[in-house]
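# turn this into a structure:
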Amino acid sequence: MPIEKRDVMFKSGETFAAGWFFLPEPMRSGARVPAVAMAHGFGAVKEMYLEPFARRFAAAGIAVLVFDYRSFGASGGEPRQRVIPRDQMDDYHNALTWLSLQPEVDPNRLGVWGSSFSGAHVIQVTAHDSRVKAVVSQVGPMDLDQITRGLDGAEQFAALQQLVIEERIRYAKEGGERYVPSAGRPGEGFALQADEDSYNFGTQAKATVRRPEDQARVPLRSSSIALVG
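Just a heads-up that it's a prediction; the model follows:
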């Protein structure tokens, strides 16, 4: 089945989110199709292997909006790479609104898809947005606090909590952002901890984007809040 791919954007917060809209080609009958909103995990953007997932949905006759969260990738927003779960879930709600307004889409048949960090987002979005009729959570971290404690151990987790406090104080005094790696091997400091295979996969995924150095870091202030409060 032929698939059309469009570059699109939609309003989210005080800025915009950029995305790709995948649409099954045979729309001549005028029948509206179901649609899915799709975004990536922690610190990642749409170019990092999401297109094959979107095309599989589109090949099955389902339209897909793949988008970058605000402050990531092609989307607007400052500071860049800011990981704020509340805002990212709001981006999903706004993506659903955009989809519901498209003439090709049936607004009564909308779904959400998330992977890793966004796998948790879509559960929350579904719980609070009655427009969602189907949800897919791929390896979603349902209890990120517990996961982080388990990976880091009690001592390092306590150190991360202290780091959060210190960063809040520094930001209150100085402003501006301090950036840290978005992922690291266990013991490599503040970042998402990953085993060797996961770390290498993530590194390869980052290398596929136009500015891989941007995707390799996140602001300490937002990432610390996202992970340890």
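# find the centremost residue of this structure, please.
In the chain, the residue lying closest to the centroid (Cα atoms, centre = their mean) is His40, at 3.6 Å.
# quick check: it touching Met48?
Yes. Counting by Cβ atoms under 8 Å, His40 does reach Met48; the two are 6.1 Å apart. Bear in mind the C-beta positions are built from the backbone N, C-alpha and C, glycine included.
# distance of the residue nearest to the centre of the chain from Gly13?
His40 sits 18 Å away from Gly13, going by Cβ to Cβ, to the nearest Å.
# show me where this protein has strands.
All strands of the chain, identified by DSSP state E, fall at 3-12, 15-24, 33-39, 63-67, 105-115, 132-138, 179-181, 183-184, 192-193, 217-219.
# identify the single longest helix in the chain, thanks.
With residue count as the measure and DSSP state H as the assignment, the chain has helix 144-174 as its longest helix.
# in contact with Tyr171: list those residues for me.
Arg221 (Cβ atoms under 8 Å, 6 or more residues apart in numbering).
# spatially nearest residue to Arg217 (excluding sequence neighbours)?
On the basis of Cβ to Cβ, 6 or more residues apart in numbering, the spatially nearest residue to Arg217 that is not a chain neighbour turns out to be Tyr179, at 4.3 Å.
# run a quick neighbour tally on that neighbour.
16 (other Cβ atoms under 10 Å).
# repeat that for Ala18.
Neighbours around Ala18, by other Cβ under 10 Å: 21.
# do I have it right that Arg170 meets Arg178?
Yes. In this structure, Arg170 is within contact of Arg178 by Cβ under 8 Å, at 7.4 Å.
# remind me which residues of this protein are low pLDDT?
1, 26-29, 143-152, 182-216, 222-229 (pLDDT under 70).
# quick check: nearest residue in space to Glu14, chain neighbours excluded?
Gly77 (8.0 Å).
# OK, contacts around that neighbour?
Contacts of Gly77 (Cβ under 8 Å, 6+ apart): Gly13, Glu14, Thr15, Arg70, Ser71.
# tell me who's in contact with Val135.
Taking Cβ under 8 Å, 6+ apart, we find Val135 in contact with Gly111, Val112, Trp113, Val122, Ile123, Val125, Thr126.
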